[in-house]
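J.: using only what follows, build the 3D model:
(chains A and B)
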Amino acid sequence: DTGVSQDPRHKITKRGQNVTFRCDPISEHNRLYWYRQTLGQGPEFLTYFQNEAQLEKSRLLSDRFSAERPKGSFSTLEIQRTEQGDSAMYLCASSLGGQETQYFGPGTRLLVL
Amino acid sequence: SQQGEEDPQALSIQEGENATMNCSYKTSINNLQWYRQNSGRGLVHLILIRSNEREKHSGRLRVTLDTSKKSSSLLITASRAADTASYFCATDDLNRDDKIIFGKGTRLHILP
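T.: Next up is the predicted model:
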């Protein structure tokens, strides 16, 4: 257990539905990252926060995706109008700052039917 | 964009043998990290090695970094069945302090 938690661990949804995932980082970490991982691939960067500010978004993050970290603590990742191609493991990580070790949560596995 | 690429993609060895995995990257970095991932689980951080370091040890793990060749290696000595997992290297960018980029990983299988 790294101290980073994610909820839910698994989500099955129908195409077109909206889903929201939550990440609780290690409490003193001001950096929070979201990644997506498909089978047989390494994690792909989606976006990251410095406290409550979202500083970078990957081109992978289409306009159907939105992430928030309203109080600089937990974060949510919402996917609107899900598509089958969104099926993946969504990983959250936190760190004390840039250039520091990122600690990963267990991930949320999404299956879009 | 820069990316760590692990080699080999897959590796099967007998329990007790040593396993070596390599990572190559494209641009200058601040640090390089190795992670392990068991099937269907999150990533576990193994070692972070900074660009001014050449070698680090942690238990049965030994990591080397050659910035002139833009490469790193992860050695697991006296392998155990529990070492069966995917191993990823991740690199940052020298001129930034934000995201890290992962390679596709090496899938290590320890045979009993």
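J.: what pairs with the host helix or strand of A:Phe45, and is each one parallel or antiparallel?
T.: Taking DSSP states H and E as the definition, A:Phe45 sits inside strand A:44-50. As defined by DSSP bridges, the strand partners of strand A:44-50 come to strand A:31-37 (antiparallel), strand A:53-57 (antiparallel).
J.: could I get the CA-only coordinates of it as PDB?
T.: Extracted C-alpha coordinates of strand A:44-50, given in PDB (Å, rounded to 0.1, in the frame of the first residue of the first chain):
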ATOM      1  CA  GLU A  44       0.400   7.200 -20.600                       C
ATOM      2  CA  PHE A  45       0.400  10.600 -19.000                       C
ATOM      3  CA  LEU A  46      -3.000  12.400 -19.100                       C
ATOM      4  CA  THR A  47      -2.700  15.400 -16.800                       C
ATOM      5  CA  TYR A  48      -1.200  16.700 -13.600                       C
ATOM      6  CA  PHE A  49      -1.900  19.200 -10.800                       C
ATOM      7  CA  GLN A  50       0.300  21.300  -8.600                       C
END
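J.: coming back round to it: worst mean pLDDT among the strands paired with strand A:44-50?
T.: Within the strands paired with strand A:44-50, confidence is poorest for strand A:53-57, with a mean of 89 (mean pLDDT).
J.: hang on, the earlier thing: give me whichever of the strands paired with strand A:44-50 is most buried.
T.: strand A:31-37 (a mean of 24; mean count of other CB atoms under 10 Å in any protein chain shown). No exception for glycine: its C-beta is placed from N, CA and C like everyone else's.
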